Each structure stands twice: as C-alpha cells, then as structure tokens.
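[1] sharing a sequence plus its predicted fold:
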Amino acid sequence: MIIPDKEKEHLKKHFAELTGDVELIVFTQELECMFCKEAKELVLELETLSPKIKTKVYDFVKDGDEDIKYDIKKIPAIAIVGKSDFGIRYYGVPAGYEFAVIAEDIMDVSRGTTSLADNIKKKLAEIKKPVHIQVFVTPTCPYCPRAARIAHQFAIESEFIKSDVIEMTEFPHLVQRYGIMSTPHIVINEDTSFVGAQPPEIFIEQINLALSKGFNPMYS
C-alpha cells in the first residue's frame, strides 16, 4: 500500500467530481529501476479511487513505440492524459508534498482546463512556439508543488507547452547537467532557468525570455 487509507477516502470524495476520463500511463521496465516499483504501485492504487481513472503500464525497453509516442526518455515516468495529451509528465515518485500535485493534475486534466486567471490564459494563448518546462522538485520541499502545478497548468492551457516535473534525487545526472543546488529549480528550453515558487506572471516572463533567445527545443 502506497496511499494511506485515510488519504484514499479523501481522494475518493475529491475524484467524485471528475468529469472526463483520465489515463495514468506509467513507464517502468522488467528489471525495475530504483523507484519504478513505487511509481507503478501508486498509479495502480489511484486507479481504484475512481472509475474515471484508467491506467496503462508500459515496459520502457519492450514497448519502445510507446516511449516514442509519449516522448519518454527516462524512468520512472508518469504521463497524465485526458481527452488529449497535454504534455504533462511526472518523472519519479510523486511522494511527500508532491503527491498533491498529481492529485490536482488529475482533476485539471479531467476538466481539460485550469483555475488560472483569465489574464494569464490570455498571455499563454499568445505563445506560438514550442516551450519545454522542466521543474525539479524534492518530496520534502514545501514550495515545490506550487511551481510544479503552474508548469502543468500551463501545459493544459497551451498546446505549445510541454511540462515535466522531475524528482531531482532520482535523476542525479540531470541535477549535475543543470547545476541544480536548490528546489524548485525551473529550466525552460534548456538555456533559461530560475529558482523558487514564483507567480505565473514570472513564469511567463521567463518563457518569453527563453523564446527571445531563439532556441527551439522541438519538445526535447
């Protein structure tokens, strides 16, 4: 059991408000990576909490076509997909403070919209080039869920934005690559970054800064 019984009862009531179906697609492998087992078990438990939540489990090695389809390059990975694939990914186990992120992501993906302010949605609608947001988090960081949620909400509201939330301790090579010292650490299009749970307006400023550099991530 990954989710405590008390939390399960709370989530059942919460998920009773789901409107559309949500697929939780987890990528693991036969010789499971560290934390792959926990990620898979968490997704399978979430499925039991609502008839609108469906799960699929793919082998990262054997199901290579699915890796390509969902642009998965590392595991454990969870894709949260609704009526369309909004580009929302979670890499690692959404534990600790991060568990609330995946629960709220499910709600948003089910509705196909978010609670972002109208002025923010308008600014997102003006983005017409590919944007790849990576938010590095840890389960013990109380400020990380805000940054993670904003990034995922942006992906729902803009077809040009893809957002990954990455549990940094599970991917040390990425921590080294981006020189991450604290969380939340946000990387946009590989060459623009900032730290902290900043408001949506700052996220958009940083996205525009990244786009002004002319780098095209091609959803890398």
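    Happy to help now that I have it.
[2] surely residue 110 meets residue 23?
    No: the criterion here is C-beta atoms under 8 Å, and residue 110 misses it with residue 23 at 10.6 Å. Placement of C-beta: from N, CA and C, glycine included.
[3] between those two, who's got more neighbours?
    Each of residue 110 and residue 23 has its neighbours counted (other C-beta atoms under 10 Å); residue 110 has more, 21 against 15.
[4] give me the element that one is part of.
    According to DSSP states H and E, residue 110 maps onto helix 99-111.
[5] which residue ranges form the helices in the protein?
    5-15, 36-47, 64-69, 99-111, 118-125, 144-157, 172-178, 200-212 (DSSP state H).
[6] need those helices in CSV with distance to residue 78 and mean pLDDT, can you?
    Compiled in CSV, the helices of the chain are given as follows (distance: least, C-beta to C-beta, whole Å; pLDDT from 0 to 100):
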stretch, distance to residue 78, mean pLDDT
helix 5-15, 16, 94
helix 36-47, 6, 94
helix 64-69, 13, 85
helix 99-111, 7, 96
helix 118-125, 23, 97
helix 144-157, 12, 98
helix 172-178, 17, 95
helix 200-212, 22, 96
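[7] list the residues that contact both of residue 110 and residue 23?
    The contact sets of residue 110 and residue 23 overlap at residue 82 (C-beta atoms under 8 Å, 6 or more residues apart in numbering).
[8] picking that back up, of all the helices of the chain, which lies closest to residue 75?
    Shortest distance between residue 75 and the helices of the chain, using C-beta to C-beta, is found for helix 36-47: 6.0 Å.
[9] rewinding a little: mind listing what's buried in the helix holding residue 110?
    Within helix 99-111, the residues that qualify as buried are 99, 101-111, counting by 16 or more other C-beta atoms under 10 Å.
[10] which of those sits closest to residue 165?
    So of these, ranked by how close each gets to residue 165 (C-beta to C-beta), first place is residue 101, at 6.6 Å.
[11] mind listing what the closest one touches?
    Contacts of residue 101 (C-beta under 8 Å, 6+ apart): 90, 94, 145, 148-149, 152, 165.
[12] that older thread, CA atoms only: put the helix holding residue 110 into PDB for me.
    Presented in PDB, the C-alpha positions along helix 99-111 are these (Å, rounded to 0.1, in the frame of the first residue of the first chain):
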ATOM      1  CA  PHE A  99       1.500  13.800  -4.000                       C
ATOM      2  CA  ALA A 100      -0.900  16.700  -4.000                       C
ATOM      3  CA  VAL A 101       0.400  17.700  -7.400                       C
ATOM      4  CA  ILE A 102      -0.600  14.600  -9.200                       C
ATOM      5  CA  ALA A 103      -4.000  14.600  -7.500                       C
ATOM      6  CA  GLU A 104      -4.700  18.100  -8.700                       C
ATOM      7  CA  ASP A 105      -3.300  17.400 -12.100                       C
ATOM      8  CA  ILE A 106      -5.800  14.600 -12.400                       C
ATOM      9  CA  MET A 107      -8.600  17.000 -11.700                       C
ATOM     10  CA  ASP A 108      -7.400  19.600 -14.200                       C
ATOM     11  CA  VAL A 109      -6.800  17.000 -16.900                       C
ATOM     12  CA  SER A 110     -10.300  15.600 -16.400                       C
ATOM     13  CA  ARG A 111     -11.800  19.000 -16.900                       C
END
